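**Student:** Would you be able to build a 3D model of this:
(2 chains, ligands or ions: 2)
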Amino acid sequence: MSEPFEPKIVAFVCTYCTYAGADLAGTSRLKYAPNVRIVRLPCTGRISPMFILKALQKGADTVLVSGCHPGDCHFTAGNYHARRRWTVFRALLAFTGIPEERIRFSWVSAAEGAKFAEMINEITEQTRKLGPFTQYQELQKVIETQSTY
Amino acid sequence: MGIQEQYRSEAAALLSSGEVKLVIGFGEGSTADRRRPLFARTPEEAQKFVLDAACIANLSTYLVTEGLLSDGKKVAVFLKPDGIRSVNILISEAQLKPDQVVILGYAIDKAEITALEGRNISDFSLGEEIRSHTPPPHILQEAERIEEMNPAERFEFWKAHFSKCIKCYACRQVCPMCYCRRCIVDVNQPQWVSTSSHTLGNFEWNIVRAFHLAGRCAACGACDRACPVNIPLRLVNYRMGKEVIDAFDYCAGENSSQKPVLASFKQDDPETFIL
Ligand code: SF4
Ligand code: SF4
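**Tutor:** Ligands and ions are numbered 1, 2, ... in the order given. Predicted coordinates for the structure are as follows:
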């Protein structure tokens, strides 16, 4: 019998807000899906779109990017810059056919432990429904196609 | 006097007076309908310039050649409006000093070629023209067709195209905006983009290229023409250009003083997709 599908979710979070929020969820003993692997970064402004591509390359089924609410950035404006970048990157991924549900964005403050836990549960359930992101992972196996040009 | 004669003598005059050290223009190409870049350093060489409706390349890409302008001297260059637009972008990104570039401008309308007034970048105002400019109908139709597909179909469409990519980086080489000394695809610690010849690496490369040109592309079409396997790069470029106009009311290269779109922000930028 094959193993049931367990979603792999990678979350890139900033240390000042979302990571602290995740920490609060933990210290408040809130239970949330164990499917998320958290990568802590100094700021959302440090979260390069390359990280998202790398996570997908290594087999993530859904990627979450999260940081401080607008106005709350520890470095004043990192999240405003990040927001513009995400807007453009998201449009690009959508245009190339990478489903929008696979890449999620959120603002979670250090006080929002409950929001973090609920969100992870929701994303995990949604990913479970979507199934593994084989469409992308299979690309690794496509070496060459016959083409006429 | 035709425009070719006019610009030949103007180029010769610029060189003999010593105002510029180099004129970048077009010369005869390998076939009757093709032109290749010609670099004139003497008035005699300037007599070999050709200027006609086949001169479609965007020569501004040579302006960012490493070290070319570091001696502070001036260079003149033949540019169409899309080339002037890329000069605006390069200046706004601090890659060029406006006074180091003398522009010999021309416009092509079908087979007609006309000279543009002005020699300094500040003489040209492109704003209205490029904002209201719509790409040719076949590009619009193709882009619309892709938008109407569902994600799975879009994915298949691009997979079929990107699987052909041979990572020759011709698209990067011709692009005036691709001036980074070390491109992200060449970085190997860590290796962000897979280099092996599977489609995943090609997908990543093309996504990165398009993302790094979002809000910076001058829509000159050079990458699209250069691609040896005919990947419709114009479609991604067009889509990204549209995104920055729609989301941030920003049109790259309108003038040389704008702040690059991804290096600036407004507090009330749209964010409907953020949870
Ligand atoms: S991306 Fe292509 S169309 Fe845009 S500026 Fe570069 S070469 Fe020109
Ligand atoms: S020019 Fe075409 S084949 Fe070459 S790297 Fe660019 S997209 Fe790939």
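
**Student:** contacts and neighbour counts: CA atoms only from here.
**Tutor:** Fine.

**Student:** so how many other residues sit close to residue 89?
**Tutor:** With no chain named, the answer covers chain A. When counting by other Cα atoms under 10 Å in any protein chain shown, one arrives at 21 neighbours for residue A:89.

**Student:** Actually, chain B is the one I wanted.
**Tutor:** With other Cα under 10 Å as criterion, residue B:89 counts 28.

**Student:** contacting residues around it?
**Tutor:** Counting by Cα atoms under 8 Å, 6 or more residues apart in numbering or on different chains, residue B:89 makes contact with B:216, B:218, B:252-253, B:255-256.

**Student:** Now it: which helix or strand?
**Tutor:** helix B:81-92 (DSSP states H and E).

**Student:** tell me which strands and helices the helix or strand that that helix is followed by is in contact with?
**Tutor:** For helix B:81-92, the following helix or strand on the C-terminal side (DSSP H and E) is strand B:101-109. If you count contacts as 3 or more Cα pairs under 8 Å, 6 or more residues apart in numbering or on different chains; DSSP states H and E, strand B:101-109 packs onto strand B:75-79, helix B:81-92, strand B:112-115.

**Student:** Hey, what's the angle from strand B:101-109 to strand B:75-79? Just curious.
**Tutor:** 10 degrees (axes from the mean of the first three to the mean of the last three Cα atoms, to 10 degrees).

**Student:** buried stuff in strand B:101-109?
**Tutor:** B:101-108 (16 or more other Cα atoms under 10 Å in any protein chain shown).

**Student:** where are the low-confidence patches of chain A?
**Tutor:** Applying pLDDT under 70 to chain A flags the ranges A:1, A:143-149.

**Student:** The residue positioned nearest the centre of it: which element?
**Tutor:** Nearest residue to the geometric centre of chain A (Cα atoms, centre = their mean): residue A:64, 1.4 Å. Residue A:64 is part of strand A:62-67 when elements are defined by DSSP H and E.

**Student:** where does that strand sit relative to the chain's centre, distance-wise?
**Tutor:** Centre-to-centre, strand A:62-67 and its host chain are 3 Å apart (Cα atoms, centre = their mean, to the nearest Å).

**Student:** Neighbours of residue B:1, how many?
**Tutor:** Neighbour tally, residue B:1, other Cα under 10 Å: 6.

**Student:** you'd agree it is in a strand?
**Tutor:** No. Looking at residue B:1 with DSSP: H, G, I helix; E, B strand; the rest coil, it is coil, so not inside a strand.

**Student:** so where do the helices sit in the stretch 101-250 of chain B?
**Tutor:** Using DSSP state H, counting those that start in this stretch, the helices of the stretch 101-250 of chain B run over B:127-132, B:137-148, B:151-162, B:170-174, B:199-213, B:222-226, B:233-248.

**Student:** of all those, which lies closest to ligand 1?
**Tutor:** Closest to ligand 1 of the helices of the stretch 101-250 of chain B, according to Cα to the nearest ligand atom: helix B:222-226, at 4.1 Å.

**Student:** Contacts for that closest one, please.
**Tutor:** Contacts of helix B:222-226 (Cα under 8 Å, 6+ apart): B:57-58, B:170-172, B:174-175, B:230-234.

**Student:** and ligand 2, which of those residues contact it?
**Tutor:** Counting by Cα under 6 Å from any ligand atom, B:170-171, B:231 from the contacts of helix B:222-226 sit close to ligand 2.

**Student:** Distance from the helix or strand residue A:56 falls within to the middle of the chain?
**Tutor:** Element membership of residue A:56 [criterion: DSSP H and E] is helix A:49-57. Centroid separation between helix A:49-57 and its chain, computed with Cα atoms, centre = their mean, is 10 Å.

**Student:** and that helix with helix B:199-213, angle?
**Tutor:** Compare the direction of helix A:49-57 with that of helix B:199-213 by the same axes, to 10 degrees and you get 160 degrees.

**Student:** For helix A:49-57, buried residues please.
**Tutor:** By 16+ other Cα under 10 Å, the buried positions in helix A:49-57 come out as A:49, A:51-57.

**Student:** Pipe these into a markdown table and attach distance to residue B:94 per row.
**Tutor:** As requested, those are exported to a markdown table (distance: Cα to Cα, whole Å):
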| residue | distance to residue B:94 |
| --- | --- |
| A:49 | 24 |
| A:51 | 27 |
| A:52 | 29 |
| A:53 | 29 |
| A:54 | 30 |
| A:55 | 33 |
| A:56 | 34 |
| A:57 | 34 |
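
**Student:** returning to what we had before: quick one, what contacts the residue nearest to the centre of chain A?
**Tutor:** Counting by Cα under 8 Å, 6+ apart, the residues that residue A:64 touches are A:9-12, A:103-106.

**Student:** 7 Å - rerun?
**Tutor:** Residues near residue A:64 by Cα atoms under 7 Å, 6 or more residues apart in numbering or on different chains: A:10-12, A:103-105.

**Student:** Ok, residue B:79 next?
**Tutor:** B:58-59, B:103-106.

**Student:** Out of those residues, which comes closest to ligand 2?
**Tutor:** Looking across the contacts of residue B:79 and measuring by Cα to the nearest ligand atom, the closest to ligand 2 is residue B:58, at 15.7 Å.

**Student:** burial of the closest residue to that closest one other than its chain neighbours, as a residue count?
**Tutor:** Counting by Cα to Cα, 6 or more residues apart in numbering or on different chains, residue B:58 lies nearest to residue B:83, which is 5.3 Å off, once chain neighbours are set aside. Using other Cα under 10 Å, residue B:83 is surrounded by 26 other residues.

**Student:** The one 4 residues further on too?
**Tutor:** The tally of other residues near residue B:87 (other Cα under 10 Å) stands at 30.

**Student:** One more: residue B:3?
**Tutor:** 15.

**Student:** What pLDDT is listed against it?
**Tutor:** Predicted confidence (pLDDT) for residue B:3: 93.

**Student:** Quick check: it touching residue B:115?
**Tutor:** Yes. Under the criterion of Cα atoms under 7 Å, residue B:3 makes contact with residue B:115 at 6.4 Å.

**Student:** what comes up buried for stretch B:169-179?
**Tutor:** Those buried within stretch B:169-179 under the rule 16+ other Cα under 10 Å are B:170-172, B:174-179.

**Student:** who in the stretch 151-275 of chain B is up against ligand 1?
**Tutor:** B:174-177, B:213, B:217-223.

**Student:** again, 5 Å this time
**Tutor:** B:175, B:217-223 (Cα under 5 Å from any ligand atom).
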